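> Compute the structure for the input listed below.
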Amino acid sequence: MQGPGYVPQPPHSPSQGAQITLRAVFVALAVFSCGFLAWPSMLRLAVVTRKPFHWALFGLAAVHIAIVTTLIAVDQGEDEFETPGNIGMWLMLLGMVTSVAYYLYADIRHFGQSGPTQYAQSAGYTQPPGTGYGYPGPQP
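Numbers count the residues shown, from 1 in each chain. Next comes the predicted model:
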């Protein structure tokens, strides 16, 4: 017959336990590699949220690790790092801390948003309160 059709299905989101596990895995990956593998967390964030800003942050993380790796590779120290190696290691650790902190902030915020979505707003017909079954609404 005539009608608005079916209500679209809301997108599938992973369970709370799966989200926490993924956060822990990506943070551990960055921390246990001393920041060398901090870019996968930015890649996951960009893929999940699909925001251009997060894609730009992923590109920045990739450029950052390339610069840090170059600084460490250029170092001429035999047993210890000299100036370029020290700067590279400090930058790597700083990048690890900032990328892990922003990844946790943005991922928790993305999956923690509550409130009506476009699916909840368009689901079914609504009536003003107190007007059902022919009864008049409340008088002012």
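> residue ranges for the helices of the chain, please.
Per DSSP state H, the chain carries helices over the ranges 16-32, 39-49, 52-74, 83-112, 118-121.
> quick one, what contacts Glu78?
Under the criterion of CB atoms under 8 Å, 6 or more residues apart in numbering, Glu78 has no neighbours. For every residue, glycine as well, the C-beta is placed using N, CA and C.
> Repeat that for Gly88.
Neighbouring residues of Gly88 by CB under 8 Å, 6+ apart: Ile67, Val68, Thr69, Thr70, Leu71, Ile72, Asp75, Phe81.
> Pull the number of nearby residues for the second one.
It refers to Val68. By other CB atoms under 10 Å, 21 other residues sit near Val68.
> Looking at the helices of the chain, which one is packed in the most?
Burial of the helices of the chain is given as mean neighbour count (mean count of other CB atoms under 10 Å); helix 39-49 ranks first at a mean of 20.
> So for it, mean pLDDT?
On average, the pLDDT along helix 39-49 is 95.
> now the angle from it to helix 52-74?
Using axes from the mean of the first three to the mean of the last three CA atoms, to 10 degrees, the inter-axis angle of helix 39-49 relative to helix 52-74 is 170 degrees.
> gap between helix 39-49 and the chain center?
In terms of CA atoms, centre = their mean, to the nearest Å, the centre of helix 39-49 is set 6 Å apart from its chain centre.
> same for it, what does it pack against?
Judged by 3 or more CB pairs under 8 Å, 6 or more residues apart in numbering; DSSP states H and E, the packing partners of helix 39-49 are helix 16-32, helix 52-74, helix 83-112.
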